[in-house]
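# Dropping the sequence and predicted coords here.
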Amino acid sequence: MEVVAIAATAVSAFGQIQAGKAQQAMYESQAVWNNIQAENDAIAYEQQGVNALKKTLKTMATITARASAGNLNPFAGSIGNLQDQVLNEGYTDFNIHRMSADTRRKTGAFQSNIYKAAGKSAAKQGVFGAIGTVGGAALKYGSIGGKSSFAGTTGSPGATYTLPSGPMFGGPTGWRG
């Protein structure tokens with residue numbers, strides 16, 4: 001019967017460790033997937049910035065063509081000011097999208113680090129759970145008369161351990177004080 005109890009405890013402890021590792025692997029996968037999503041989002045922002053610059057160039061080309069068709073200098077006066085404004089707005093849009101891409105990459109990395117930390121914690125929790133299972137089984141085994149170093153100083157059944165007396169250990173003047 002003792003062998004079965006010891007084997008069950010060992011299997012339970014091993015299962016807890018494996019469950020912690022599986023949880024860690026799941027969090028690691030989430031971290032990788034999060035990085036992929038963040039990079040895809042960042043690329044989409046960058047593409048929007050490129051599209052803003054393309055639209056700006058088309059608008060400037062249209063202004064230049066219409067001004068030239070009307071025998072006006074497309075780079076001077078109010079037409080030049082209009083081109084400057086269009087260029088400024090296009091470049092601003094491009095920069096906003098570029099900063100959004102950078103921000104998305106940083107938030108993705110931050111979230112991935114959270115997932116990785118949770119994975120490490122899950123793995124440790126599995127190990128600590130296993131230690132608790134083995135320790136609890138050892139205490140239970142010792143309390144029902146088995147050989148245990150927790151039951152007494154000599155390891156013999158029925159032996160008890162007596163705490164030293166004195167104020168440090170709750171003696172006559174200790175803890176009540």
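Right, received. Where do you want to start?
# just the helices in this protein please.
2-69, 77-143 (DSSP state H).
# These into TSV, with extra columns for mean pLDDT?
Below are the helices of the chain laid out as TSV (pLDDT from 0 to 100):
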stretch	mean pLDDT
helix 2-69	92
helix 77-143	92
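# got CSV for these, with mean neighbour count too?
No exception for glycine: its C-beta is placed from N, CA and C like everyone else's. Listed next are the helices of the chain as CSV, based on neighbours: other Cβ atoms under 10 Å:
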stretch, mean neighbour count
helix 2-69, 15
helix 77-143, 15
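# could you measure the residue nearest the centre of the chain against residue 124, distance?
In the chain, the C-alpha nearest the mean C-alpha coordinate belongs to residue 114, at 1.6 Å (Cα atoms, centre = their mean). According to Cβ to Cβ, to the nearest Å, residue 114 stands 16 Å off from residue 124.
# again with residue 84
From residue 84 to residue 124 the distance is 60 Å (Cβ to Cβ).
# Also residue 36?
Distance check for residue 36 against residue 124: by Cβ to Cβ, it reads 27 Å.
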